[in-house]
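Enquirer: no FASTA, just this:
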Ligand SMILES: Cc1cc2nc3c(=O)[nH]c(=O)nc-3n(C[C@H](O)[C@H](O)[C@H](O)COP(=O)(O)OP(=O)(O)OC[C@H]3O[C@@H](n4cnc5c(N)ncnc54)[C@H](O)[C@@H]3O)c2cc1C
Ligand SMILES: Nc1ncnc2c1ncn2[C@@H]1O[C@H](COP(=O)(O)O)[C@@H](O)[C@H]1O
């Protein structure tokens, strides 16, 4: 048994940020364990993704280009990965801990009766086994987890690993047929409404979030403005979401999204423990709050005590000037 | 139509943790250290909503120690028709796959179930794996991250749901039976009613053990494929906060922006 496999998540022929991160993480693991790196490339019209995977450092590409794989459906992707793993016996399969990656990993582990560790943020090798570090209990504790047998199936969090860089490498992909026919697939995707224009929270390097302190739906305008100036994503506390001021897909926290940007700016957010659960691993946290005793200041690197409606417009203006936009 | 909702008891969101010799302990400042997993409240609510529109029963199911029947009482108080505790020393220490094997056996034992509802994830391990793994073991279709059930057509045997993914909302139609994992947006969980609480307090909850179920493939610590032996507290964040003070807002933001450029996060 050997070989490190990674799943290159793509959409419409474009490698997603997480796919490039998995290529980076996989390369690191392959090099440190002296194994080869195989990229799994699935979809429809994905020859370009295969080529790019070589360029991003894969030693081999195992691909399947089929109509049934055009959209991600776990019933089509899962049996394919499971069958390939049975035939080729990789030691490790890495996937991004995205909505699709989590589903795929869980399916493959169940079908193969293999072990699975979710949501890793770091890994190392110990006696040939991968030691995965992952947050548990909403990030209040860390666990080091091993999978006892091969294949070791592991999902890794977005933005926890550096994306692979182009190497100029090229190669010949191995293409295999799909294993599940359309007539056996019990789901049909009948619509997709993209949240286009918005920067995805989990991929964002900068997030500006608003809480109950913004006071209403209009109160998000200066928060959004700063996010736009910085090219960042717009986040929110549960209080703001539950008040109906902003849709749920912006919610950060224990019952929302877990994010880990380079910069998290919390505006009018008190910093409840459940909010912290979703953002405490951010690199730099800035708190803007009129209450100097708000718990968010205990977590923050920088804080300004004051009215967000005065501070945010000034902050946007200052950034605009510095960034020349 | 019979609906099963799988729920788990977890530490409260405000629990404070300590680790001693690899054992995790927790206390809660509000003295309610264990709760119904918050994500599962949405699953219970959705199960009750389905019951209200389609008729039938809602069975709440948990795998866990004796003490976890508390969460089943909460489910009964919210309005679930029945509850079953699945509990056996042989199941203790299961990984998600072991849990999925036990839950799928329990779901099959529950009768003619078309929909099994789950929360998005349990806030202890935050893995969210059990849903798809249970579906795979049942041979049912998993539908995860569901933010809306748009339509259930029992005669055609189909269900249409919306799923909340990173780049938007997907609408998907699936053949029943299905295993559904729900996200918070799907509904607002009801509070237990006074009548419900009375009913729940009097209820005796049946217990299914390993002998009652035909679990295939093994469960419990022996069968667990993951070694979770090392757990430790998070190192505290190093830097104390720098509060930026100044005469004017303009000066404050100028200093802040300067710091953020120095930190190389812009
Ligand atoms: C099971 C469970 C799950 C939860 N999950 C989440 C979750 O995923 N995400 C989440 O965020 N919360 C979650 N919560 C809720 C959490 O406990 C808090 O209630 C919530 O985070 C509070 O939001 P907030 O900080 O916006 O509001 P508040 O706590 O009301 O804070 C508002 C802050 O704004 C400040 N403010 C007001 N006006 C101004 C102004 N003009 N300028 C500057 N500052 C101002 C105030 O000083 C205050 O600190 C959960 C709770 C439970 C029980
Ligand atoms: N022991 C259990 N008993 C019943 N349901 C469970 C159990 N563990 C997990 N679940 C269900 O599976 C979902 C996902 O859990 P997890 O995969 O542990 O994050 C939870 O929200 C529950 O609905």
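Expert: Thanks, I have it. These numbers were taken from a predicted model, which means no experiment stands behind them. Residues are numbered from 1 along each chain as shown, chains lettered A, B, ... in the order given. Ligands and ions are numbered 1, 2, ... in the order given.
Enquirer: pull the longest helix from chain B.
Expert: For chain B, the helix with the greatest residue count under DSSP state H is helix B:38-54.
Enquirer: host element of the nearest residue to residue B:136 once chain neighbours are set aside?
Expert: Once flanking residues are discounted, residue B:136 sits nearest to residue A:110: 3.8 Å by CB to CB, 6 or more residues apart in numbering or on different chains. For glycine as for every other residue, the C-beta is placed from the backbone atoms N, C-alpha and C. In this assignment (DSSP states H and E), residue A:110 forms part of helix A:99-112.
Enquirer: again, but for residue B:76
Expert: Assigned by DSSP H and E, residue B:76 belongs to helix B:69-78.
Enquirer: do residue A:119 as well
Expert: Residue A:119 is located in strand A:116-120, with elements delineated by DSSP H and E.
Enquirer: one step back: what helices or strands is the longest helix of chain B leaning on?
Expert: strand B:2-6, strand B:58-63, helix B:69-78, strand B:113-119, strand B:141-153, strand B:178-182 (3 or more CB pairs under 8 Å, 6 or more residues apart in numbering or on different chains; DSSP states H and E).
Enquirer: which residues of the stretch 1-150 of chain A fall in strands?
Expert: Under the criterion DSSP state E, counting those that start in this stretch, the stretch 1-150 of chain A contains strands at A:4-7, A:10-11, A:14-15, A:37-43, A:60-65, A:92-96, A:116-120, A:122-126, A:129-136, A:141-147.
Enquirer: The first one near chain B at all?
Expert: No - Strand A:4-7 lies out of reach of chain B by CB under 8 Å from any CB of the partner chain, never closer than 14.9 Å.
Enquirer: so where is chain A shaky, pLDDT-wise?
Expert: A:1, A:196-197 (pLDDT under 70).
Enquirer: Would you point out the helix or strand in chain B whose mean pLDDT is lowest?
Expert: strand B:226-233 (a mean of 86; mean pLDDT, DSSP states H and E).
Enquirer: near ligand 1 at all, the helix or strand just after it?
Expert: The first helix or strand that comes after strand B:226-233 along the chain, using DSSP H and E, is strand B:242-243. No - against ligand 1, strand B:242-243 shows no contacts by CB under 6 Å from any ligand atom, the least distance being 13.8 Å.
Enquirer: helices and strands around whatever helix or strand comes next after strand B:242-243, which ones?
Expert: Reading on from strand B:242-243 to the C-terminus, the next helix or strand found by DSSP H and E is helix B:249-262. The contact analysis (3+ CB pairs under 8 Å, 6+ apart) places helix B:249-262 against strand A:284-289, strand A:302-305, helix A:308-323.
Enquirer: one more time with 6 Å, if that's ok
Expert: strand A:302-305, helix A:308-323 (3 or more CB pairs under 6 Å, 6 or more residues apart in numbering or on different chains; DSSP states H and E).
Enquirer: can you tell if it touches ligand 1?
Expert: No - residues of helix B:249-262 are not located near ligand 1 by CB under 6 Å from any ligand atom, the shortest gap being 11.9 Å.
Enquirer: Can you list the buried residues in that helix?
Expert: Using 16 or more other CB atoms under 10 Å in any protein chain shown as the test for burial, helix B:249-262 gives B:249, B:252-257, B:259-260.
Enquirer: Pretty sure residue A:25 sits against residue A:163.
Expert: No - the pair residue A:25 / residue A:163 is not scored as a contact, 9.2 Å apart, by CB atoms under 6 Å.
Enquirer: More neighbours: which of the two?
Expert: Neighbour count, other CB atoms under 10 Å in any protein chain shown: between residue A:25 and residue A:163, residue A:25 has more, with 26 against 16.
Enquirer: so after the helix holding residue B:76, what's the next helix or strand?
Expert: Downstream of helix B:69-78, the first helix or strand assigned by DSSP H and E is strand B:82-86.
Enquirer: got the angle between that following strand and strand B:58-63?
Expert: Interaxial angle of strand B:82-86 relative to strand B:58-63 (axes from the mean of the first three to the mean of the last three CA atoms, to 10 degrees): 10 degrees.
Enquirer: now for the helix or strand following strand B:82-86, which elements pack on it?
Expert: The helix or strand immediately downstream of strand B:82-86 is helix B:96-109, counting by DSSP H and E. Counting contacts by 3+ CB pairs under 6 Å, 6+ apart, helix B:96-109 packs against strand B:58-63, helix B:130-138.
Enquirer: Name every strand pairing with the first one and say which way it goes.
Expert: Read that as strand B:58-63. Sheet pairing for strand B:58-63, assigned by DSSP bridges, gives strand B:2-6 (parallel), strand B:82-86 (parallel).
Enquirer: Report the inter-axis angle for the last one versus helix B:69-78.
Expert: With the same axes, to 10 degrees as the basis, strand B:82-86 and helix B:69-78 are set at 170 degrees to each other.
Enquirer: who touches strand B:82-86?
Expert: For strand B:82-86, the surrounding residues in contact (CB atoms under 6 Å, 6 or more residues apart in numbering or on different chains) are B:59-61, B:63, B:69, B:72, B:75-76, B:106, B:205-208.
Enquirer: Also stretch A:220-235?
Expert: Applying CB under 6 Å, 6+ apart, the contact partners of stretch A:220-235 are A:199, A:201, A:204, A:206-210, A:214, A:246, A:250, A:252, A:267, A:312-313, A:315-316, A:319-320.
Enquirer: Let's see the ChimeraX selection covering just the buried ones among those residues.
Expert: Those of these that count as buried under 16+ other CB under 10 Å are selected in ChimeraX with:
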select /A:199,201,204,206,207,208,209,210,214,246,250,252,267,312,313,315,316,319
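Enquirer: which regions of chain B sit below the pLDDT cut-off?
Expert: Scanning chain B for pLDDT under 70 picks out B:238-239.
Enquirer: hmm, back to that, make CSV out of the helices and strands packed on helix B:249-262 and add distance to residue B:245.
Expert: Shown next, in CSV, are the helices and strands packed on helix B:249-262 (distance: least, CB to CB, whole Å):
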stretch, distance to residue B:245
strand A:302-305, 8
helix A:308-323, 13
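Enquirer: Mean neighbour count, the ones you listed: which tops it?
Expert: Across the helices and strands packed on helix B:249-262, averaging neighbours per residue (mean count of other CB atoms under 10 Å in any protein chain shown) puts strand A:302-305 on top, at a mean of 23.
Enquirer: does it come close to ligand 1?
Expert: No - judged by CB under 6 Å from any ligand atom, strand A:302-305 and ligand 1 are separated, with a smallest distance of 8.5 Å.
Enquirer: What residues of the longest helix of chain B count as buried?
Expert: By neighbour count with 16+ other CB under 10 Å, helix B:38-54 contains the buried residues B:38-51.
Enquirer: how many other residues sit next to residue B:67?
Expert: Residues lying near residue B:67 (other CB under 10 Å) number 11.
Enquirer: List the backbone torsions phi and psi for it.
Expert: Backbone torsions for residue B:67, taken as degrees, to the nearest 10, come to phi -60, psi -20.
Enquirer: Specify the beta-bridge partners of the spatially most central residue of chain B.
Expert: Centre of chain B computed as the mean C-alpha position; nearest residue by CA atoms, centre = their mean is residue B:119, 3.5 Å away. Counting by DSSP bridges, residue B:119 forms beta bridges with residue B:182.
Enquirer: picking up where we left off before, for the longest helix of chain B, the distance to its chain's centre please.
Expert: 13 Å (CA atoms, centre = their mean, to the nearest Å).
Enquirer: Residues contacting it, please?
Expert: The contact list for helix B:38-54 (CB under 6 Å, 6+ apart) reads A:255, B:1, B:3, B:5, B:7, B:58, B:75, B:78-79, B:117-121, B:182, B:184, B:186-187, B:189.
Enquirer: And stretch B:197-205, by the same measure?
Expert: For stretch B:197-205, contacts defined as CB under 6 Å, 6+ apart pick out B:69, B:72-73, B:76-77, B:83, B:85.
Enquirer: Quick one: check that stretch for contact with ligand 2.
Expert: No - Stretch B:197-205 lies out of reach of ligand 2 by CB under 6 Å from any ligand atom, never closer than 13.6 Å.
Enquirer: starting at the chain centroid, how far to that stretch?
Expert: Once both centres are worked out by CA atoms, centre = their mean, stretch B:197-205 turns out to sit 22 Å from its chain's centre.
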